[in-house]
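*Asks:* next one to model:
(chains A, B and C)
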Amino acid sequence: MVLKATPHITQNEALVFERSQTGRKGYMLPALDVDETALDDLLPAELRRDDDLEGVPELSEVDVVRHFTRISTWNYNIDLGMYPLGSCTMKYNSRLNEKVARIPGFANLHPLAPVEDSQGALEVMFELQEHLAEITGLPGISLQPAAGAHGEMTGVMMIRAFLDARDGVTEGDKPRRNVMLIPDSAHGTNPASAHLSGFSVKTIRSTSEGLTDLEHLRELCSAGDVAGLMLTNPNTVGIFERNIREICHIIHEAGGLVYMDGANMNALVGVARPGDMGVDVIHLNLHKTFSTPHGGGGPGSGPCCCTAELDPFLPVPRVVREGDRFAFDYERPQSVGRVKAFYGNFGMHLRALAYILTHGNEGLREATEAAVLNARFIAHGLADTYEKPFGSPPMHEVLFTDKRQSRKGVHTLDIAKRLIDYGFHPMTIYFPLIVQGAMLIEPTESVGRAELQQFVDAMKEIAREALEAPDTVLNAPQTTRIGRLDEAAAARKPVLRWKPEAKTTAA
Amino acid sequence: MSNVPENLHYSKDHEWIRVEGGVGTVGITDHAQDSLGDVVYVELPKAGETFAAHETFGSVESVKAVSELFIPVAGEVVEVNETLQDEPEKVNSDPYGEGWMVRIRLAEPGEVDSLLNAAEYEDYLKSEE
Amino acid sequence: MRYIPNSPEERQEMLSALGHASVDELFDSIPADIILREPLKTPAALSEVELLERFEAMAAKNTAARRPNFIGAGAYTHYAPTVIDSLLQRSEFFTAYTPYQPEISQGTLQAIFEFQTLVCQLTGMDVANASMYDGSTAMAEAVLMAERVTRRKRVLVSGAVHPEYLHVAETYVAHAGVELVRADFDEATGRTVLAEGALDKTIAAVVVQSPNFFGCVEDLKALADAVHAEGALLVVVVTEGASFGFLRSPGACGADIVVAEGQSFGVPASFGGPYVGLFATREQYARQIPGRLAGIAFDKEGRRGFVLTLATREQHIRREKATSNICTNEGLIALAATIYMTTMGRRGLQEVAAQCAQKAAYARREIAALEGFTLPHSAPTFNEFVVRAPAEAEGLLRRLASEHNVTGGLSLSRYFPGRPNDFLVCVTETNKRAEIDALVNGLREVHSS
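*Replies:* Model (predicted):
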């Protein structure tokens, strides 16, 4: 029997609604300084709220601070240690970038303020665009998409618009090109974004080496209905698609365009550029490669970068330079339109620009080198212990499986949970889907040698436990406030909000 | 080794059907529920809907997967197992009994003969491993 | 590079231990002809001091950030208690990932559950998700969801919805087989009107904003009745979250989906983002909702915790058949909104809303009393209203800024070229009486001189 730390007061923090006490206040406003208007003259009673906001909590400022501080301690975080989630690039989030984003001249700026009085903000966006163009080798840029999937949607919509402009909407009597090719190893957002943009999805097989199957690609292209390809490079098994030039050539010959999912750009910045590979359009995840904080699931930022050919199709408005001033350009008749109100997650643009300027061009490459080196260190350290499904040396992330451990009944999920007991956040598990029991490990450059070694040691120790004491692994984690949660019961009878009368304790 | 009762017909999509008097009761096999894991939600059609053989008639969800349900033979739905709405876990605990999904009036009663019998289905499972 | 723990010497040792002669060998799998041979042409590294100087210099050019502001139109200036940003800057919140491992993410998960509950309480709905990118994309997703629920392909959108929201929805539905049909608004009242015969059984949903883009409070109850009579859904959009503290909730009026911009809840204007989209609906549509959902779960010992649930709706499982492509949402901003709603609480949310309404009423009265200025719309408003000036609003506002140091509102000609003299004024609890008086006096002087 493992004793959890639940008697501790900070481990038992209730919901804000359960903590509420009638009459408590956590705020004070200045007194109303205008002549008061009678309520009925402000708004007729039938349009006014009549529930007195029942259920909304009443708390003092101290209650609020203690509440959120206490529950915060139940989170793992980058500042605490290595966070090796594959394909997520959990690198250090600098405090300096936070400071930059909070400069009042940026934070207090209304998006619809006159352009001549917002020149500094436009300059930030323009400069970031220039740098991202140089990093990707793709000159057309929009910072508007709010996240990676949003950038994907924007990019594939641009492909749709480009093809329609080139071929005509119906291509004469033929139905328009409508097939988006996506590898079986892709992120789920790729097919979802393609679907949202009106494409039908065909899946490309991967080879036993973990690379795109060129034969299958050629076969799919021969149908003549291919609009494009969505490819992650390095791909989601952490290997660089060394045939990328040929892949792009095959797609271009077939009349389609190549979309690159930029989730794995941390392996490439300063070393190789998608534009030089033949890629037509890419999204970047500023919240991965350019270190803007993940914040427990966002905000992100997913700029779209493209060739000059695709430039007219980028979302409006565009940020442009006109002599010594900056402006928004709405006159882009071929644009896919607008994908978000205003101009994107500007606060993330500030942080990403601060990241690029703090690193400098040499530092950007140095970060890439350090990230790949760290992944190699782990690949090497665990090579004898865990099954590595593909032989090629990994780039910034390395894939293992639970094949050896599962013979003893210990699976990827158990290994991941046991890692928590060793003080590490688990790696990405069960992704990519093409490999059974996948464990995708991305250390990033933000981990020192000693901690990498500790991670390797922990993984080896878990492998030993899986053989000798599998129950220890199967019952992990044991050092956390709560144990494994019954997700099946949660999904069968979902309780998605607090209600005063709801029984929220176990029967 | 999964349970494959003798008296049922099976499809390669891992559905079973039991025919009594022109009406077939349909569910998913023990093998199917086992590979799916804890079933959390079952989406079923309404009585009166008709399906051609191998058409999708619903879906079954575990925490992290969705599988489509394929009707083994053509027919009209005459009854759906409403209790799965509240207790989808019955698909796991009793796939051939309380975990049944729909009853259909067969369009062509002879069509079940094209399905696998228990021995053939067991062989099919072995070949898939 | 100070963000990289391993020194160049350590990295060299690691390389050697792995059997590599040089760092270039790490990139051997990349064909030589696409390896960059030169350094990137981005600038050289800046120190912390230099970096801050550069950004301060750029920020100083944003002169609008230093003036009293009367622009709303989708982004609102409200008081944000200090505790919000202080708590947001805890490492445990801002440097955590999406809570995929619930045992070590309970802080984030519980906060999401609290967010979902607060959104339900304010909107008067049953279920809310963990957030969308912003109000505009939430509205677009609501349009797509209405199509999934009703299997109908036409959606009636009020012409009094924020023009940028409408533009986003047009982009989202371009390839979804959904037709957006515009519903007019009445010039006299400023409210949406459903023309005779506009509503029929082909309509999936009617989308209205309230208070609408012109600040007018819509008669949601009447709209809901008309919409439901045809078996369609009512989608209500709210851009000014502060209004929830004063207006009848959309849920109480009969809305089926409520989407809102949550920026009003303690989130800085920050030139348009990051903000947070609120998305709420009725219980029976929970499985059609886009995005993440947190729910209650228990461990073996019966301890209560929270997990991401009903995930089979989402892209990582259902791929092209998912309810949306959204993955990363606006977690940290949703947390900011949660802390705001909790700190202000039941009383504060109502007091902020009441002050907004009171101050806006004062400003309305004072401006309406100015010679030559009128208020073209008669419907009740909350904290935003249209003013019709005796001259082109654009020039008037420019002079107001340069001569009186006030950003006096938004010229409607930006979105409605046919309305050159109209401008939209927003007043919140942060606008002191002196600022409102300066606005009124400025308008008087600029007009008369």
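
*Asks:* for residue 433, list the residues it contacts.
*Replies:* I'll assume chain A. Contacts for residue A:433 (C-beta atoms under 8 Å, 6 or more residues apart in numbering or on different chains) come out as A:184-185. (C-beta placed from N, C-alpha, C; glycine too.)

*Asks:* that was the other one, I meant chain C.
*Replies:* A:33-34, C:359, C:362.

*Asks:* hang on, isn't residue C:350 packed against residue C:245?
*Replies:* Yes: Residue C:350 lies in contact with residue C:245 (C-beta atoms under 8 Å); the separation is 4.5 Å.

*Asks:* overlap of the contact sets of these two?
*Replies:* A:49, A:53.

*Asks:* residue ranges with poor pLDDT in chain B?
*Replies:* Chain B contains residues with pLDDT under 70 at B:1.

*Asks:* which residues in it form helices?
*Replies:* For chain B, the helices defined by DSSP state H cover B:30-36, B:83-86, B:90-93, B:118-128.

*Asks:* export those as JSON lines, with columns for distance to residue A:449 and mean neighbour count.
*Replies:* What follows is these, written out as JSON lines (distance: least, C-beta to C-beta, whole Å; neighbours: other C-beta atoms under 10 Å in any protein chain shown):
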{"stretch": "helix B:30-36", "distance to residue A:449": "42", "mean neighbour count": "19"}
{"stretch": "helix B:83-86", "distance to residue A:449": "54", "mean neighbour count": "14"}
{"stretch": "helix B:90-93", "distance to residue A:449": "47", "mean neighbour count": "19"}
{"stretch": "helix B:118-128", "distance to residue A:449": "46", "mean neighbour count": "13"}
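
*Asks:* dump these to a markdown table, plus distance to chain C.
*Replies:* What follows is the helices of chain B, written out as a markdown table (distance: least, C-beta to the nearest C-beta, whole Å):
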| stretch | distance to chain C |
| --- | --- |
| helix B:30-36 | 11 |
| helix B:83-86 | 12 |
| helix B:90-93 | 15 |
| helix B:118-128 | 22 |
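
*Asks:* how about those in CSV, adding distance to residue C:129?
*Replies:* CSV is the format used below for these (distance: least, C-beta to C-beta, whole Å):
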stretch, distance to residue C:129
helix B:30-36, 26
helix B:83-86, 23
helix B:90-93, 27
helix B:118-128, 38
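
*Asks:* are any of the contacts of residue C:433 buried, and which?
*Replies:* Among these, those classed as buried by 16 or more other C-beta atoms under 10 Å in any protein chain shown are A:34, C:359, C:362.

*Asks:* please, which helix or strand holds the second one?
*Replies:* Of the helices and strands defined by DSSP states H and E, residue C:359 is found in helix C:331-368.

*Asks:* for the helices of chain B, which one sits closest to residue C:57?
*Replies:* Residue C:57 sits nearest to helix B:30-36 of all the helices of chain B, at 59.8 Å, using C-beta to C-beta.

*Asks:* strands along the chain, start to end?
*Replies:* Chain wasn't specified; assuming chain A. Assigned by DSSP state E, the strands in chain A fall at A:140-142, A:179-183, A:200-204, A:226-232, A:257-262, A:281-284, A:304-306, A:318-322, A:325-329, A:398-401, A:428-429, A:438-441.

*Asks:* should've been chain C
*Replies:* Using DSSP E, strands in chain C cover C:127-128, C:154-158, C:179-183, C:203-209, C:233-238, C:257-261, C:277-281, C:294-298, C:304-308, C:384-388, C:410-411, C:422-426.

*Asks:* now do chain B
*Replies:* So, for chain B - with DSSP E - the strands run B:9-10, B:15-20, B:23-28, B:39-43, B:50-51, B:56-62, B:66-70, B:75-80, B:102-106.

*Asks:* tell me which of these lies nearest to residue C:431.
*Replies:* strand B:39-43 (49.9 Å).

*Asks:* so what touches that closest one?
*Replies:* Contact with strand B:39-43 is made by A:488, A:491-492, B:33, B:58-63, B:84-85, B:88-89, B:91-92, B:101, C:287, C:312, as judged by C-beta under 8 Å, 6+ apart.

*Asks:* so who does the closest residue to residue A:270 other than its chain neighbours touch?
*Replies:* Nearest non-adjacent residue to residue A:270, counting by C-beta to C-beta, 6 or more residues apart in numbering or on different chains: residue A:365, 3.1 Å away. Listed by C-beta under 8 Å, 6+ apart, the contact set of residue A:365 reads A:269-271, C:39-40.

*Asks:* kindly report the same for residue A:154.
*Replies:* Listed by C-beta under 8 Å, 6+ apart, the contact partners of residue A:154 are A:142, A:144-145, A:283, A:302, A:304, A:314-315, A:336, A:339.

*Asks:* quick one: buried ones out of those residues?
*Replies:* By 16+ other C-beta under 10 Å, those give A:142, A:144-145, A:283, A:302, A:304, A:314-315, A:336, A:339 as buried.

*Asks:* for the helix-or-strand element of chain C with minimal mean pLDDT, list the C-alpha coordinates in PDB.
*Replies:* Lowest by mean pLDDT, DSSP states H and E among the helices and strands of chain C is helix C:315-318, with a mean of 86. Output of helix C:315-318 as PDB, limited to C-alpha atoms (Å, rounded to 0.1, in the frame of the first residue of the first chain):
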ATOM      1  CA  GLN C 315      -8.300  15.100 -34.600                       C
ATOM      2  CA  HIS C 316      -5.600  12.900 -32.900                       C
ATOM      3  CA  ILE C 317      -8.100  10.000 -32.900                       C
ATOM      4  CA  ARG C 318     -10.700  10.700 -35.600                       C
END
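
*Asks:* may I have the beta-bridge partners of the residue nearest the centre of chain B?
*Replies:* Taking C-alpha atoms, centre = their mean, the centroid of chain B lies closest to residue B:27, which sits 2.5 Å from it. Beta-bridge partners of residue B:27, counted by DSSP bridges, are residue B:16.

*Asks:* how about residue B:20?
*Replies:* According to DSSP bridges, beta-bridge pairing links residue B:20 with residue B:23.

*Asks:* okay, helices next: where are they in chain C?
*Replies:* Ranges of helices in chain C, per DSSP H, are C:8-17, C:48-60, C:82-88, C:91-94, C:106-123, C:135-150, C:163-173, C:220-229, C:250-253, C:315-318, C:331-368, C:393-404, C:433-448.

*Asks:* give me every residue that touches residue 88.
*Replies:* You didn't pick a chain, so chain A it is. So residue A:88 contacts A:288, A:294, A:428, A:442, C:97 (C-beta under 8 Å, 6+ apart).

*Asks:* other chain: chain C
*Replies:* Counting by C-beta under 8 Å, 6+ apart, residue C:88 has contacts C:94, C:332, C:335-336, C:339.

*Asks:* can we see that at 10 Å?
*Replies:* With contacts defined as C-beta atoms under 10 Å, 6 or more residues apart in numbering or on different chains, the neighbours of residue C:88 are A:68, A:98, A:293, A:295, C:94, C:266, C:332-333, C:335-336, C:339.

*Asks:* out of those, who's nearest chain B?
*Replies:* residue A:295 (24.2 Å; C-beta to the nearest C-beta).

*Asks:* if we ignore the residues flanking it in sequence, what's nearest the closest one?
*Replies:* Distances taken as C-beta to C-beta, 6+ apart place residue C:332 nearest to residue A:295, at 2.7 Å, with adjacent residues excluded.

*Asks:* within range of chain A, give me the residues from chain B.
*Replies:* Residues of chain B lying close to chain A (C-beta under 10 Å from any C-beta of the partner chain) are B:37-41, B:61-64, B:86-89, B:92.

*Asks:* where does chain A dip in pLDDT?
*Replies:* Checking chain A against pLDDT under 70 turns up A:1-6, A:170-175, A:502-507.

*Asks:* tally of neighbours for residue C:53?
*Replies:* 12 (other C-beta atoms under 10 Å in any protein chain shown).

*Asks:* so it is in contact with residue A:100, correct?
*Replies:* No: counting by C-beta atoms under 10 Å, residue C:53 sits too far from residue A:100 to count as a contact (11.2 Å).

*Asks:* thanks a lot, catch you later.
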